[in-house]
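Q: Sequence and predicted structure, then a few things I'm wondering about:
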Amino acid sequence: MNWKKKLHELEEAKSWMEAIEFMQRTINEHPDSVDAYLFLNYLLANMISEEQGWGMGDENKRNYIVDLLIKYIDESYEKFSHNAEYLFYTAKICGYADWYLSWYLRDENRDYKAMFEKAIELDPDNLFYKQIYLTHIYESTPMKEPRDIEFAKKVLAQDPSIKKIFDEKGALGESVWWSLTYNSREVLGLPRYSDEEIASWKRGAE
């Protein structure tokens, strides 16, 4: 079975510790895989930022997960710090878990703003790098140049050539895709959230 498919099954089952062990084995088997590190790092960041059912309230367990995240970010950064794709997604992951990383690492915390900027420097024509960077770092209005408008239209139309990029990145890609969707709506002057999403949230709150 493809390791990405297996990880997805474990995430869906919320088998978090088994998923970690599985990805650690995957990295051992594929030590030069950017995706293997990105998938594990996002898994760990998501656990400490969103998921509650694995023992988040236990300080020892929480420290263990944070320590693993720091270990694998440092290890992967040493290998892939000149890879634009790695830098972009890792910046997103570090921003996602920034509160915990800042608390544990203090001044030694990696500057995820610098990672975003280096990714853009290495791949200056990548439109979604720039849009996510502006929103994530500065919370500013996305760029609205003609090519940004055209790109936003493709995103909202779920252009297969664009959607495929994020589908291949699992849960991490899904997170970035939704951020890009919201940005694209803003670029086109549309409400940030669709009527369907708002209705769904209201139903969930009832």
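A: Structure received.
Q: mind giving me the domain split of this structure?
A: Listed domain ranges for the chain are 1-107, 125-206 (source: automatic domain parsing).
Q: Report the distance from the last one to the chain centre.
A: Centre-to-centre, domain 125-206 and its host chain are 13 Å apart (C-alpha atoms, centre = their mean, to the nearest Å).
Q: how about the CA coordinates for the one helix or strand K79 maps to, as CSV?
A: Using DSSP states H and E, K79 sits within helix 59-80. Extracted C-alpha coordinates of helix 59-80, given in CSV (Å, rounded to 0.1, in the frame of the first residue of the first chain):
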residue,chain,number,x,y,z
GLU,A,59,2.1,17.5,29.9
ASN,A,60,4.5,14.6,29.4
LYS,A,61,2.7,13.5,26.3
ARG,A,62,2.5,17.0,25.0
ASN,A,63,6.2,17.6,25.5
TYR,A,64,7.0,14.4,23.8
ILE,A,65,5.0,15.4,20.6
VAL,A,66,6.5,18.9,20.6
ASP,A,67,10.0,17.5,21.0
LEU,A,68,9.4,15.2,18.1
LEU,A,69,8.2,18.1,15.9
ILE,A,70,11.3,20.1,16.8
LYS,A,71,13.5,17.1,16.1
TYR,A,72,12.0,16.4,12.6
ILE,A,73,11.8,20.0,11.6
ASP,A,74,15.5,20.5,12.5
GLU,A,75,16.5,17.2,10.8
SER,A,76,14.6,18.0,7.6
TYR,A,77,15.8,21.6,7.5
GLU,A,78,19.3,20.4,7.4
LYS,A,79,18.5,18.3,4.4
PHE,A,80,16.1,20.4,2.4
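Q: worst average pLDDT in the domains of the chain?
A: Lowest mean pLDDT of these: domain 125-206, a mean of 84.
Q: Okay, the residue nearest to Y42 when sequence neighbours are not counted and I165: tell me how far apart.
A: In space, and not counting its chain neighbours, Y42 is closest to L172: 3.9 Å by C-beta to C-beta, 6 or more residues apart in numbering. The C-beta positions use only the backbone N, C-alpha and C, and glycine is treated the same way. In this view, L172 and I165 are 12 Å apart by C-beta to C-beta, to the nearest Å.
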